[in-house]
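> can you look at this prediction? I've put the sequence above it.
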Amino acid sequence: MTEAPERTRTRTRAASTATLTTRTEVADAARGRVVGASLRAGDAARAAGERLVAAWDVVRGVVTQAGWVMAVWTAAGITLGLVWGWGEALVGGIVGAILLAAAVPFLLGRVPYEVTFALEHEAVVAGEPAGGEIAVRN
């Protein structure tokens, strides 16, 4: 029967003084399974972290600053409304949640569309009627 390969575990820590500390553990037969499980768990956590970072990059690339403000407003409104019984904040948070839910289809498809706005005249007088055109194209 062949002997299981020896597993090692190394930790490196960097301090603010730029010194490095390395610790290497060589597992004996009794601790081999524990160290192996720890190494596999570390690999799984690292892979999950990489996927989370990739997903976060996609979200940051799609959601605008106005979307982040709306998300914060929604969370704050619902929290203040439920915790302190502030009805106005709760209504604001619920309206924000509805608006965020309405925005989701625009984020998922990423269908390119163009919106143009044009007035008949460049200068208009306040209070006077002004003609214009709004065009939305796929």
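All right, it came through fine.
> what about the longest helix in this protein?
helix 32-62 (DSSP state H).
> now do the strand or helix carrying Val104 against helix 32-62: the angle between them, please.
In this assignment (DSSP states H and E), Val104 forms part of helix 87-109. With axes from the mean of the first three to the mean of the last three C-alpha atoms, to 10 degrees as the basis, helix 87-109 and helix 32-62 are set at 90 degrees to each other.
> now Ala118: how far from Glu88?
Applying C-beta to C-beta, to the nearest Å, the value for Ala118 to Glu88 is 39 Å. Every residue, glycine included, has its C-beta placed from N, CA and C.
> show the backbone phi and psi for Val125.
phi -100, psi 140 (degrees, to the nearest 10).
> gap between it and Glu133?
Counting by C-beta to C-beta, the gap from Val125 to Glu133 is 19 Å.
> any stretches of this protein with poor pLDDT?
The model of the chain has pLDDT under 70 over residues 1-32, 109-111.
> swap in 90 and give it another go.
Across the chain, residues meeting the criterion (pLDDT under 90) sit at 1-47, 54-68, 103-132, 136-138.
> ok, back up a step: now the longest helix of the chain, how far from the chain's geometric center?
Its chain's C-alpha centre and that of helix 32-62 lie 16 Å apart, by C-alpha atoms, centre = their mean, to the nearest Å.
> so what secondary structure elements neighbour that helix?
The contact analysis (3 or more C-beta pairs under 8 Å, 6 or more residues apart in numbering; DSSP states H and E) places helix 32-62 against strand 8-14.
> neighbours of Ala89, just the number please.
Neighbour count for Ala89, taken as other C-beta atoms under 10 Å: 19.
> same deal with Gly36?
15.
> for Ala47, see how far away it is.
For Gly36, the distance to Ala47 - C-beta to C-beta - is 17 Å.
> same check, this time on Pro129
62 Å.
> circling back to that earlier point, now what about the helix or strand just after the helix holding Val104, what contacts it?
Using DSSP H and E, the next helix or strand after helix 87-109 towards the C-terminus is strand 114-119. Identification of contacts with strand 114-119 by C-beta atoms under 8 Å, 6 or more residues apart in numbering yields 130-137.
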